[in-house]
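>>> Sequence isn't available, so here's the structure alone:
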């Protein structure tokens, strides 16, 4: 069974990525800072889309009481997320540090849209830490409980 990232989250990632791509093309300190963020963010987004966010695609069906034995496949993803969570959180800390530099550079160069983007991406990371990652892990735990019945 394939687990799809909820469209709203996928769309948010695409929007954040496209704004960052635009920022990397800027001259000066803003562009340099954006490129530093991009260097950290790319591999992180890839990991999120491989194993951290796909389990969230089961949230709606499970909340409706829908169950299929094939859902057990999500356990591979949630176990990997649990194992890699400390690294994912460390990556967030590095990304946030780089985003603070982007915000400062953008403000200094009068590029408020990129300063606002930096704050938006920081909030996105916080939401992942407080909501998305724990929910994905809980989905795995719920599926495990269903299998044990």
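Thanks, I have the structure now. Because the structure is predicted, anything quoted here is derived from the model rather than measured. Residues are numbered from 1 along each chain as shown.

>>> And residue 33, how close does it get to residue 118?
Residue 33 is 9 Å from residue 118, where distance means C-beta to C-beta, to the nearest Å. (Each C-beta comes from the backbone N, C-alpha and C, glycine too.)

>>> Overlap in contacts, these two.
102, 106 (C-beta atoms under 8 Å, 6 or more residues apart in numbering).

>>> Now do the same contact list for the residue nearest to the spatial centre of the chain.
Centroid-nearest residue in the chain, with C-alpha atoms, centre = their mean: residue 48, separated by 5.2 Å. Contacts for residue 48 (C-beta under 8 Å, 6+ apart) come out as 13, 88, 128.

>>> of all the residues you listed, which comes closest to residue 54?
Proximity of the contacts of residue 48 to residue 54 (C-beta to C-beta) peaks at residue 13, which lies at 12.3 Å.

>>> got the contact list for residue 143?
Residues near residue 143 by C-beta under 8 Å, 6+ apart: 58, 62, 71, 72, 74, 75, 78.

>>> run the last query once more with 7 Å
71, 72, 74, 75 (C-beta atoms under 7 Å, 6 or more residues apart in numbering).

>>> Give me the buried entries from the residues you listed.
Neighbour-count burial (16 or more other C-beta atoms under 10 Å) applied to the contacts of residue 143 gives 71, 74, 75.

>>> Now intersect those residues with the helices, please.
74, 75 (DSSP state H).

>>> Same list, the buried ones among the contacts of residue 143, but as CSV with pLDDT please.
Converted to CSV, the buried ones among the contacts of residue 143 look like this (pLDDT from 0 to 100):
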residue, pLDDT
71, 94
74, 97
75, 97
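
>>> Could you single out the nearest of the buried ones among the contacts of residue 143 to residue 132?
Nearest to residue 132 among those is residue 74, at 14.4 Å by C-beta to C-beta.

>>> Brilliant, that's me finished.
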